[in-house]
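>>> A predicted structure for the sequence below; I have some questions about it.
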Amino acid sequence: MQQNELLIHNFYIAFLDKDYKTMQATYADNATFSDPVFQNLNATQTRGMWEMFCKRGKDMQLTFEILSIAENQIVAEWIPRYTFSATGNYVVNHITSTFIIADNKIMQHTDNFNFYKWSCQALGFRGVLLGWTAFMQNKIRKTAMANLTKFIATNNN
């Protein structure tokens, strides 16, 4: 296994083990993260997000696979399975991740998944009806960022 592939493999193994400190250490100090819910996070926010997921994801399980390896880019697919705490609904999400790596650290991490499919599972009937709308998607993003900001403030004091 080459160095960049090992970095990403260890990232997901740490997530399986809910070892957020190892996950946090994989990111460069100027790293960025973005997905359909958490958009344009800086390194501090990204590290806080993984800590929040590890601490709050009581029943989370995941599988992962490295799909492609280029010089400084890794593409992986991962499938988390968990109970969405806000509704108690069970979610199985199919996510494609693209990592840009430099000096054995993640510089840029972008996750892509179908927001509507996720919202249907996470929110149930409300997600089916409104999960495709910009209004609902923006509301989910705003709530998620508020939760992350509060989590970071609470856990850094």
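Here it is on my side, so go on.
>>> can you list contacts of the helix or strand of the chain with the lowest mean pLDDT?
Every helix and strand in the chain was compared by mean pLDDT, DSSP states H and E; the lowest is helix 125-130, with a mean of 89. With CB atoms under 8 Å, 6 or more residues apart in numbering as the test, helix 125-130 has contacts from 116, 118, 119, 120, 121, 123, 136. In short, each C-beta sits where N, CA and C put it, glycine included.
>>> what's near enough to touch the last one?
If you count contacts by CB under 8 Å, 6+ apart, residue 136 has them with 119, 126, 127, 130.
>>> and what of the fourth one?
Under the criterion of CB under 8 Å, 6+ apart, the neighbours of residue 120 are 127, 128, 131.
>>> gap between the first one and residue 28?
Using CB to CB, to the nearest Å, we find residue 127 at a distance of 35 Å from residue 28.
>>> host element of the residue nearest to residue 112 when sequence neighbours are not counted?
The spatially closest residue to residue 112, leaving aside those adjacent along the chain, is residue 96, at 4.9 Å (CB to CB, 6 or more residues apart in numbering). Using DSSP states H and E, residue 96 sits in strand 95-102.
>>> The longest strand anywhere in the chain pairs with which strands, and in what direction?
When the chain is parsed with DSSP state E, its longest strand is strand 73-84. Sheet partners assigned to strand 73-84 using DSSP bridges are listed as strand 61-69 (antiparallel), strand 89-92 (antiparallel), strand 95-102 (antiparallel).
>>> Just the buried residues of it, please?
Under the neighbour-count criterion of 16 or more other CB atoms under 10 Å, strand 73-84 has 74, 75, 76, 78, 80, 82, 84 buried.
>>> Go through those residues and name the one nearest residue 104.
residue 74 (12.1 Å; CB to CB).
>>> Show me what that closest one is bridged to.
residue 69, residue 99.
>>> contacting residues around it?
Contact partners of residue 74, counting by CB under 8 Å, 6+ apart, are 4, 5, 7, 8, 66, 68, 98, 99, 101.
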